[in-house]
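Participant: Attaching a predicted model along with its sequence, questions to come.
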Amino acid sequence: MTQVRSIGPLRGYGIIRVPRTERGVYGEGKAIMTAGYGSADRGPAGPGDGGFPPGTARPGPLPPRIEPAGSAYLPPGAPGQPAPAPSPRPAWSPPAQPGQWGAAPANAPAPAATPAAGGWGHGGAPSTAPGPSTPPPGATPGPGWPPASGSTPPGVPGQPPAHGHPQGAGPGQPYPAGPAPATKGRGLTITALVLAGLLAVVTGVQAYQINRLSNRLGDTDSRMAAAQAADGTRLDGLESRAGALEKQAGAAFNPEAVASAVLPSVFRVRAGNSTGTAFAIGKPAAGGGTNLFTNYHVVDALWQTGEREVFLERTDQRFPATIVRVDEANDVAHLRTNGKFTGLVAAPAAVKSGQQIVVVGAPLGLEDSVTTGVVSAFREAGGGEGPVIQFDAPINPGNSGGPVINGSKQVVGIATAKARNAEGIGLAVPIKVACDGFKIC
């Protein structure tokens, strides 16, 4: 009876039946193989080929016939047999699939391990697979050899692996490990997700802070605009008050300012042996020169003798002038000089009692003298005399013909006389009387 012994996992090969010899299983003699290479797509050649029913496919052809040469086969561990090489790692054993190799006989002994030399998975050198057309050494042609046309033994390059066996593993090669778990890719994915979350959080915080800062800037702008508007209102109010104060200051009586504006137009006049005061008035005279007013009683001695020339004196300067006309009733005389001087302005309205005034003249020959006072009264004409202005500013001989100026630097009258044996009573001809009589203002 033929005994079946497995030699390890074979990819692409059929089972190997240990031959029966004439003297027993392991005796001397010539081994006889029960089957040879067969076609991978058909059943065994006969009933002694493992029990495959006719027409049933199997993973691949059976190994070639093996005829041991020389001495008989000795099992591992027998006297005189070298010990098998140590196996570096256990071989891969595929799970048994029912119906793939056929049922083993019930009384078959357990399979024994084959020598390590030439085996698979025991660290030995892999055996060389026979080619498709060249039989392996010692093989005898039979029903399984040569293989059918177009068929290639399993394990030969170009032949697909048998069903149920991993691709790429061959005799003497370890079973390839499966694909490693994608832990690295998963770690990168988790890291990317964490970074994206952190970026989203930081972006949200920054957006919130920017929003708060924008709101604070808007509030600051609003407060600044309100403050600027309030400041503008206050500035407008201050400007209005400043203008009013300027008007009040202008209206306020300032003798110094009045004197500074008037003195360049006031002169000491010398008419023969008499002296008095004269001042420029109005616009320049026709044909050039300047018109001036003074009192008639200052020039009456020359006028009576027919002389017309007088002299205007100011500091070290002396200008000749001519008597043009006189008004004996109102005590006014019109003079003219070729020199050009600034004429004073006549006041358009009549004076009022209590109004402050400045009197400028040359009392006792002292030019550029200034006194101040108020209008005591305005006396209407009566008793054959014209209207006069009564004031309390001190005057003396030499002030005759000098201007009486109000706080607006306008001429309101011409100083004429003072009361004898009395103090603070001065008289002046209203400027309107002089202007109406000579038409030079």
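Facilitator: Ah, there it is.
Participant: which residues of the stretch 201-350 of the chain fall in strands?
Facilitator: Applying DSSP state E, counting those that start in this stretch to the stretch 201-350 of the chain gives strands spanning 266-271, 274-280, 290-294, 309-314, 317-327, 332-337.
Participant: Let's have those strands in JSON lines, adding distance to Val351, mean pLDDT and mean neighbour count.
Facilitator: In this view, the C-beta of every residue, glycine as well, is placed from N, C-alpha and C. Listed next are these as JSON lines, based on distance: least, Cβ to Cβ, whole Å; pLDDT from 0 to 100; neighbours: other Cβ atoms under 10 Å:
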{"stretch": "strand 266-271", "distance to Val351": "19", "mean pLDDT": "95", "mean neighbour count": "25"}
{"stretch": "strand 274-280", "distance to Val351": "17", "mean pLDDT": "95", "mean neighbour count": "24"}
{"stretch": "strand 290-294", "distance to Val351": "17", "mean pLDDT": "96", "mean neighbour count": "26"}
{"stretch": "strand 309-314", "distance to Val351": "27", "mean pLDDT": "94", "mean neighbour count": "18"}
{"stretch": "strand 317-327", "distance to Val351": "20", "mean pLDDT": "94", "mean neighbour count": "16"}
{"stretch": "strand 332-337", "distance to Val351": "17", "mean pLDDT": "95", "mean neighbour count": "24"}
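Participant: What separation is there between Ile357 and Asp300?
Facilitator: Counting by Cβ to Cβ, to the nearest Å, the gap from Ile357 to Asp300 is 26 Å.
Participant: Of those two, which one has the most company?
Facilitator: Per other Cβ atoms under 10 Å, whichever of Ile357 and Asp300 has more neighbours is Ile357, with 26 against 17.
Participant: Look up which helix or strand the more buried one falls in, please.
Facilitator: strand 356-361 (DSSP states H and E).
Participant: between that strand and strand 266-271, what angle do the directions make?
Facilitator: If you take axes from the mean of the first three to the mean of the last three Cα atoms, to 10 degrees, strand 356-361 sits at 40 degrees to strand 266-271.
Participant: now the next helix or strand after strand 356-361 against strand 274-280, angle please.
Facilitator: Using DSSP H and E, the helix or strand that follows strand 356-361 in sequence is strand 369-379. Interaxial angle, strand 369-379 versus strand 274-280 (the same axes, to 10 degrees): 80 degrees.
Participant: Need the residues that contact strand 369-379.
Facilitator: Residues from elsewhere that reach strand 369-379 (Cβ atoms under 8 Å, 6 or more residues apart in numbering): 255, 259, 263, 350-363, 387-395, 399, 412, 424-426, 430.
Participant: Just the buried subset of the residues you listed, written out for PyMOL, thanks.
Facilitator: If you want just the buried ones from the contacts of strand 369-379 in PyMOL, going by 16 or more other Cβ atoms under 10 Å, the selection is:
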select buried, resi 259+263+351+355+356+357+358+359+360+361+362+363+387+388+389+390+391+392+393+394+395+399+412+426+430
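Participant: Of the contacts of strand 369-379, which belong to helices?
Facilitator: Residues of the contacts of strand 369-379 located in helices (DSSP state H): 255, 259.
Participant: If you count neighbours, what's buried in stretch 406-423?
Facilitator: 406-407, 409-418.
Participant: domain ranges for this protein?
Facilitator: Domain assignment for the chain by automatic domain parsing gives 1-171, 256-438.
Participant: mean pLDDT lowest for which of those domains?
Facilitator: Note on the domains of the chain: domain 1-171 shows the lowest mean pLDDT, a mean of 48.
Participant: hang on, the earlier thing: can you list the strands that the strand holding Ile357 pairs with?
Facilitator: Strand 356-361 pairs in its sheet with strand 369-379 (antiparallel), strand 403-406 (antiparallel), by DSSP bridges.
Participant: Adding distance to Gln206, write the buried residues of stretch 406-423 out as TSV.
Facilitator: Below are the buried residues of stretch 406-423 laid out as TSV (distance: Cβ to Cβ, whole Å):
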residue	distance to Gln206
Asn406	76
Gly407	72
Lys409	72
Gln410	76
Val411	81
Val412	81
Gly413	85
Ile414	88
Ala415	88
Thr416	93
Ala417	96
Lys418	94
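Participant: nearest to Gln228, of these?
Facilitator: Gly407 (40.4 Å; Cβ to Cβ).
Participant: How many residues are close by the closest residue to the closest one other than its chain neighbours?
Facilitator: Once flanking residues are discounted, Gly407 sits nearest to Phe253: 4.3 Å by Cβ to Cβ, 6 or more residues apart in numbering. Burial measure for Phe253: 15 neighbouring residues, criterion other Cβ under 10 Å.
Participant: Please verify my assumption that Phe253 contacts Gln356.
Facilitator: Yes: between Phe253 and Gln356 there is a contact under Cβ atoms under 8 Å: 4.2 Å.
Participant: shared neighbours, the two?
Facilitator: Joint contacts of Phe253 and Gln356 (Cβ under 8 Å, 6+ apart) are Gly407.
Participant: Thanks a lot, catch you later.
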